[in-house]
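Visitor: model the structure of this input:
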Amino acid sequence: MALNFIKTKNSKPFTQRELLIGFCAALVILAGLLFSQEAYGETFWLSLFLFAIFPFLVVVRLLKEPIQNFGLSWGKPRTGLIISLITVLIFIFANYFILFHTKYGGQLSIARGIVGSFTAFLAFEFFISLPLHFFWEFFFRGFLQLGLEKKLGNFSLLLAAVLPAILSFQSSWIMIVLIFLSSIGAGIIVRQSRSIFYSALSLWIISISLDIMIIRIVHQIAK
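Guide: Numbering: from 1, shown residues only. Here you go, the predicted model:
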């Protein structure tokens with residue numbers, strides 16, 4: 001009986017809501033691909049519009065749904081914090097292993113200008129990197145994953161992990177793999193906690209730890 005229900009549910013055509021989310025998401029991805037990867041990764045205002053303002057306006061003005069439906073709530077704090085802690089520890093260890101115990105560490109990149117200045121490092125991490133992670137999480141995990149979850153189920157989680165990896169096509173293959181896997185981890189956090197806050201903070205902490213490790217290697221080489 002449950003199997004028949006699933007088949008019946010999945011056989012239903014996409015609603016106007018789902019088609020609108022898919023169309024708007026496709027526009028954002030296309031815009032991201034049209035710009036160079038450097039511009040996509042480093043231009044704060046471009047990311048603000050593509051991944052935050054545009055989907056937010058779609059939710060509020062066109063879909064007219066509560067923003068909580070798209071992960072802008074505290075959700076389940078206990079669940080979110082526990083899964084986030086596990087995810088952060090796994091990826092910090094993985095990044096450490098790749099950087100210090102494999103030949104692929106040199107393929108991991110870092111933002112320009114933060115290696116030689118502690119002030120620049122702090123400014124970048126808090127005023128650029130942190131907001132960007134919230135922008136990306138709102139679009140990929142909130143707007144896309146949660147927005148299409150009722151129709152696509154777990155496939156919406158996979159889709160929201162594949163697309164950021166595609167947008168990073170100019171990066172090294174190891175960076176693309178890490179982006180994909182960290183997006184899977186973020187998707188699990190959001191699916192269980194029903195909030196993008198925990199996934200955004202988790203990815204930000206992972207990003208900071210990776211930057212610190214790369215800076216340490218650069219300083220060691222410079223000595």
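Visitor: neighbours of Gly71, how many?
Guide: 24 (other CB atoms under 10 Å). (C-beta placed from N, C-alpha, C; glycine too.)
Visitor: now swap in Leu178 and tell me
Guide: Using other CB under 10 Å: Leu178 sits among 22 other residues.
Visitor: show me what whichever strand or helix holds it is packed up against.
Guide: Assigned by DSSP states H and E, Leu178 belongs to helix 173-193. For helix 173-193, the elements it packs on are helix 77-101, helix 154-167, helix 197-222, judged by 3 or more CB pairs under 8 Å, 6 or more residues apart in numbering; DSSP states H and E.
Visitor: got the angle between it and helix 197-222?
Guide: Per axes from the mean of the first three to the mean of the last three CA atoms, to 10 degrees, the angle that helix 173-193 makes with helix 197-222 is 150 degrees.
Visitor: ok, for Leu33, nearest residue in space, not its chain neighbours?
Guide: Spatial nearest neighbour of Leu33, chain neighbours left out: Leu167 (6.8 Å); criterion: CB to CB, 6 or more residues apart in numbering.
Visitor: what of Leu157?
Guide: For Leu157, the spatially nearest residue (CB to CB, 6+ apart) is Gly187, at 3.9 Å.
Visitor: isn't the one you found right up against Gln145?
Guide: Yes. Contact criterion CB atoms under 8 Å: Gly187 and Gln145 qualify, at 5.8 Å.
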